[in-house]
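**Student:** from the sequence below, what's the structure:
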Amino acid sequence: MAEKLKTQLQISCDLMSQIKKNIKNIKAFQAELEKNKGTNISLLLSALLFGALSLEASDIHLEVEANQTKVRLRLDGALFDAGVLAKETYLQALNRLKLFSSVKLNITQKPQDGRFAILAGKTEIEIRTSTLPSEFGETIVMRLLNPKNLISLNELGLRDDMARILKEEIKKPNGMIISTGPTGSGKTTSLYGILKTINASDIKIITIENPIEYRLAGVSQSQVDETKGYDFATGLATIVRQDPDVILVGEIRDQQTANIAIQAAMTGHLVLTTLHTNDAAGTISRLQALGEKAENIAPALNLVIAQRLLRKVCPQCAKEKNLSLEEATFINKNLENLFKKGICEKVTEKTKVLTAQGCESCNQIGYKGRIGVYEFLLVDDEMENFINKGPSIVNLKAEAKRKGMTTMLQDGLIKTLKRITTLKEVSKEVGKE
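**Tutor:** Down below sits the predicted model:
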């Protein structure tokens with residue numbers, strides 16, 4: 001079970017509201033940090049942490065340089081310079097953060113991981129810390145685990161047709177749903193969204209994670225501790241003896257974990273997990289590379305979700321533009337098989353889309369917030385038989401598309417036509433296949 005963390009800093013609802021009102025962009029954050037640099041460390045850390053929260057940053061990076069420490073914030077997946085700290089001030093802040101995180105102050109030449117909690121108004125937010133020795137001293141990165149990021153399935157950005165598929169699949173009593181993609185693509189967010197949807201008093205849900213990202217009421221959560229010999233495989237083997245209905249495995253990394261997860265999926269459990277692959281079709285070959293056989297994988301799989309996160313165009317400064325002939329041709333070519341399904345319509349050079357501009361609201365980048373793009377590989381009886389034949393990734397993807405799979409590129413192009421994101425962002429995150 002997840003241990004309860006001690007709250008190290010707290011701020012009132014009124015003051016939190018004031019901070020959110022005052023800090024609406026990076027410039028305002030820099031000014032707030034500068035204003036508090038000469039104060040005591042508690043006030044400085046409050047400005048740093050609660051200011052980052054007001055901007056909805058996911059991470060705070062404190063990077064040691066020769067004569068100062070650079071402060072950077074990750075917003076919507078991108079890093080922004082957000083100020084500097086003098087060397088002496090940073091050392092005080094670092095020691096306080098290490099103390100908060102329950103890691104050893106006298107260890108400076110080895111990386112350490114810790115956690116602590118802060119209270120923003122009535123919301124408790126966990127901070128995951130990671131220290132790393134560098135050329136000029138220890139750097140520290142803080143991940144802000146804001147409960148507001150625990151979103152429901154309806155907020156993931158799924159199209160209606162994809163949402164219907166997912167809702168049907170999570171009703172099944174057994175089988176495996178795999179969320180796949182690179183680090184930072186929103187895999188865990190999607191799985192937590194599923195858990196929030198199915199969590200009820202009449203089912204038993206157990207997770208094995210590294211680390212536990214968010215705490216969910218009514219869910220038994222367990223954290224890997226490899227220093228004590230408690231890894232994913234060991235934890236999962238124990239979990240299946242705890243009579244669960246649903247199991248979440250944070251990540252499949254090795255053959256033993258894959259084998260236990262697959263066996264659990266075929267013996268009456270719904271298993272949710274993540275895997276690092278480029279697309280949905282690559283999941284089969286990845287599991288095979290870990291040592292599993294296609295004839296074991298196919299009957300266990302219900303659904304593979306491949307995903308990326310695209311930045312949404314800032315509504316405050318976005319501008320319309322007509323598609324060029326080249327862009328219209330590219331979109332029509334890639335969406336051709338979706339026109340007859342009524343999912344989208346053919347475009348022309350008169351079709352208008354949005355382009356990113358940049359303003360104070362979005363820190364001059366033209367984007368604010370993110371949304372997922374997805375592809376679903378649904379494993380029905382026909383697809384199971386096809387997988388058992390050992391197809392290549394190319395052939396498996398072609399078969400899935402023949403059966404109606406929408407690719408991430410297609411989903412991104414549809415969201416571009418719906419004026420949610422831009423062609424440039426789709427190309428950057430998904431590519432052109």
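**Student:** now do the contacts for the residue most central in space within the chain.
**Tutor:** Centroid check for the chain by C-alpha atoms, centre = their mean gives residue 186 as the closest residue, at 2.5 Å. If you count contacts by C-beta atoms under 8 Å, 6 or more residues apart in numbering, residue 186 has them with 307-309, 370, 372. Just so you know, the C-beta spots here come from the backbone N, C-alpha and C atoms, and that holds for glycine as well.
**Student:** would CSV of those residues with distance to residue 180 be doable?
**Tutor:** Formatted as CSV, these follow (distance: C-beta to C-beta, whole Å):
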residue, distance to residue 180
307, 8
308, 11
309, 14
370, 18
372, 13
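**Student:** tell me the one among those residues nearest to residue 217.
**Tutor:** The closest of the contacts of residue 186 to residue 217 turns out to be residue 372 (C-beta to C-beta; 24.7 Å).
**Student:** picking that back up, restricted to strands, list the contacts of residue 186.
**Tutor:** 307-309, 370, 372 (DSSP state E).
**Student:** out of these, which are buried?
**Tutor:** The neighbour count (16 or more other C-beta atoms under 10 Å) marks 307-309, 370, 372 as buried among the ones in strands among the contacts of residue 186.
**Student:** between which two of these is the distance greatest?
**Tutor:** Largest pairwise distance in those, by C-beta to C-beta, is 11.3 Å, between 307 and 370.
**Student:** could you pull out the strands for the stretch 151-300 of the chain?
**Tutor:** Under the criterion DSSP state E, counting those that start in this stretch, strands of the stretch 151-300 of the chain are mapped to 175-180, 205-209, 220-223, 246-249, 270-275.
**Student:** ok so, going back, which of the ones in strands among the contacts of residue 186 sits closest to residue 336?
**Tutor:** Sorting the ones in strands among the contacts of residue 186 by distance to residue 336 puts residue 308 at the head of the list, at 22.0 Å, by C-beta to C-beta.
**Student:** domains in the chain, by residue range?
**Tutor:** Under automatic domain parsing, the residue ranges defining each domain of the chain are 7-146, 150-430.
**Student:** rebuild the ones you listed as a markdown table, extending it with mean pLDDT.
**Tutor:** A markdown table is the format used below for those (pLDDT from 0 to 100):
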| stretch | mean pLDDT |
| --- | --- |
| domain 7-146 | 93 |
| domain 150-430 | 94 |
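**Student:** which strands border the helix or strand harbouring residue 143, and is each parallel or antiparallel?
**Tutor:** According to DSSP states H and E, residue 143 maps onto strand 137-145. Next to strand 137-145 in the sheet, as set by DSSP bridges, lie strand 59-64 (antiparallel), strand 123-134 (antiparallel).
**Student:** check the offset of the shortest one from the chain's centre.
**Tutor:** By that I understand strand 59-64. Distance of strand 59-64 from the chain centroid (C-alpha atoms, centre = their mean, to the nearest Å) equals 19 Å.
**Student:** buried set for it?
**Tutor:** Neighbour counts over strand 59-64 (16+ other C-beta under 10 Å) mark 59-64 as buried.
**Student:** what's the end-to-end length of stretch 207-221?
**Tutor:** Using C-alpha to C-alpha, to the nearest Å, the end-to-end distance of stretch 207-221 comes out at 5 Å.
**Student:** and if you look at stretch 98-106?
**Tutor:** End-to-end distance of stretch 98-106: 10 Å, with C-alpha to C-alpha as the criterion.
**Student:** distance between that stretch and the chain's centre?
**Tutor:** 27 Å.
**Student:** from residue 260, how far off is residue 41?
**Tutor:** 46 Å (C-beta to C-beta, to the nearest Å).
**Student:** err, residue 295, not the other one
**Tutor:** 17 Å.
**Student:** and residue 91, by the same measure?
**Tutor:** Relative to residue 260, and taking C-beta to C-beta, residue 91 is found at 46 Å.
**Student:** who has more neighbours, the two?
**Tutor:** Between residue 91 and residue 260, counting by other C-beta atoms under 10 Å, residue 260 is the more crowded of the two (22 against 15).
**Student:** what number of residues lie near the nearest residue to that one once chain neighbours are set aside?
**Tutor:** Spatial nearest neighbour of residue 260, excluding adjacent residues (C-beta to C-beta, 6 or more residues apart in numbering): residue 236 at 4.8 Å. Applying other C-beta under 10 Å, we find 25 residues neighbouring residue 236.
**Student:** check contacts around residue 236.
**Tutor:** 208, 247, 249, 257, 260-261, 264.
**Student:** and if we set it to 6 Å?
**Tutor:** Each residue near residue 236 by C-beta atoms under 6 Å, 6 or more residues apart in numbering is listed here: 208, 249, 260.
**Student:** indicate which one of the strands paired with strand 137-145 is closest to residue 344.
**Tutor:** Comparing the strands paired with strand 137-145 under C-beta to C-beta, the one sitting nearest is strand 59-64, at 35.2 Å.
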